[in-house]
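K.L.:
curious how this folds, go ahead:
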Amino acid sequence: MKVIVTHDVDHIRVFEHKNDLIIPKFWIRSFIEFGLGYIAYREVKNRLKEFIHNKWHNLEELIKFDKENRVPSTFFVAVSKGRNLAYSLSDAEFWIKKIINEGFKVGVHGISFEDYDGIKSEHEIFKKVSGLEKFGIRMHYLKVTNKTLDMLNKVGYLYDSSIYELANPFKVGDLWEFPLSLMDGYIINKNSRYQNQNLEQVKDTTKEIIEKAITCNLKYFTILFHDRYFSESFLTWREWYVWLIEYLRENRVEFITFEEAIKELRET
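P.N.:
Below is the predicted model:
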């Protein structure tokens, strides 16, 4: 089994959310998690520090970590706004070019999932901004309908990774679907809006999911870790990702990109 590591970029600046409810919800979440004992006082202080500095991303830090650990990750960046995602196209363009220049892969963090014109528009904007001809997509909040994959194929996406299940890749027309195998939020905020698992519980859950994937003969295991949480403000999240990469290396797992996996699939 080979591993594909991905990062969804949901936020860049704090005050891009001045017109929605993300900021008050964030502080309610923080105080609940502190009150329940899942985060430390210093994490709350660090969250306040990031808030004051208007910074809600950790892209440079995560790029540095992945590069040092030889993880060929893919970053999904949005080129339109919606559903609590609010950063500007100019910010998106800056980071898309920065990530490409650092040697990593980029794809679209999609907002439109049931409107063909919206899907086509995001594809065209990303193509122009990135300079790429072929690329993939992951929908924000993993939103899909029974028509979404057909529309992504018609628009010309190379691959999608928005369906959450332990399954091998499959094709819809010329589009490859790589189901998402493991996502940070689903195991750290287990069936909740707030963190309700400690680091050891999350490690145990992760090992169980990986063992199940091996039992299912998964060829590719796709992981999502949000850059937002690679921070001293979210210690359980950050320490889990660092542990996970080390755990996979100790088990001699090979990291691979979507593009490399597609090449392998085409040759078999």
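
K.L.:
going forward, measure contacts and count neighbours with C-alpha atoms only.
P.N.:
Fine.

K.L.:
what's around the closest residue in space to residue 218 that isn't next to it in sequence, how many residues?
P.N.:
Nearest non-adjacent residue to residue 218, counting by Cα to Cα, 6 or more residues apart in numbering: residue 168, 5.6 Å away. When neighbours are defined as other Cα atoms under 10 Å, residue 168 has 17 of them.

K.L.:
hang on, residue 168 packs against residue 219?
P.N.:
Yes: when contacts are counted by Cα atoms under 8 Å, residue 168 is listed as touching residue 219 (6.2 Å).

K.L.:
OK, contacts around the residue nearest to residue 218?
P.N.:
Residues near residue 168 by Cα atoms under 8 Å, 6 or more residues apart in numbering: 178, 179, 218, 219, 220.

K.L.:
how much space separates the fourth one from residue 179?
P.N.:
Counting by Cα to Cα, to the nearest Å, the gap between residue 219 and residue 179 amounts to 11 Å.

K.L.:
neighbour-wise, which of the two wins?
P.N.:
Looking at residue 219 and residue 179 with other Cα under 10 Å, you find the greater number of neighbours at residue 179, namely 21 against 16.

K.L.:
pretty sure residue 174 contacts residue 153?
P.N.:
Yes: using Cα under 8 Å, residue 174 is in contact with residue 153, at 6.2 Å.

K.L.:
in the protein, where's the longest strand?
P.N.:
In the chain, assigned by DSSP state E, the strand with the most residues is strand 2-9.

K.L.:
kindly export the helix or strand just after that one (C-alpha atoms) in PDB.
P.N.:
Next helix or strand after strand 2-9 toward the C-terminus (DSSP states H and E): helix 22-35. Provided in PDB are the C-alpha atoms of helix 22-35 (Å, rounded to 0.1, in the frame of the first residue of the first chain):
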ATOM      1  CA  ILE A  22     -16.400  31.800  11.800                       C
ATOM      2  CA  ILE A  23     -14.600  34.100  14.400                       C
ATOM      3  CA  PRO A  24     -17.200  33.800  17.200                       C
ATOM      4  CA  LYS A  25     -17.600  30.100  16.500                       C
ATOM      5  CA  PHE A  26     -13.800  29.700  16.700                       C
ATOM      6  CA  TRP A  27     -13.600  31.200  20.200                       C
ATOM      7  CA  ILE A  28     -16.700  29.300  21.500                       C
ATOM      8  CA  ARG A  29     -14.900  26.100  20.200                       C
ATOM      9  CA  SER A  30     -11.700  27.100  21.900                       C
ATOM     10  CA  PHE A  31     -13.200  27.700  25.300                       C
ATOM     11  CA  ILE A  32     -15.200  24.500  25.200                       C
ATOM     12  CA  GLU A  33     -12.100  22.400  24.300                       C
ATOM     13  CA  PHE A  34     -10.200  24.200  27.100                       C
ATOM     14  CA  GLY A  35     -13.000  23.600  29.500                       C
END
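
K.L.:
quick revisit: did I read that right, the residue nearest to residue 218 in a helix?
P.N.:
No: using DSSP: H, G, I helix; E, B strand; the rest coil, the assignment for residue 168 is coil, not a helix.
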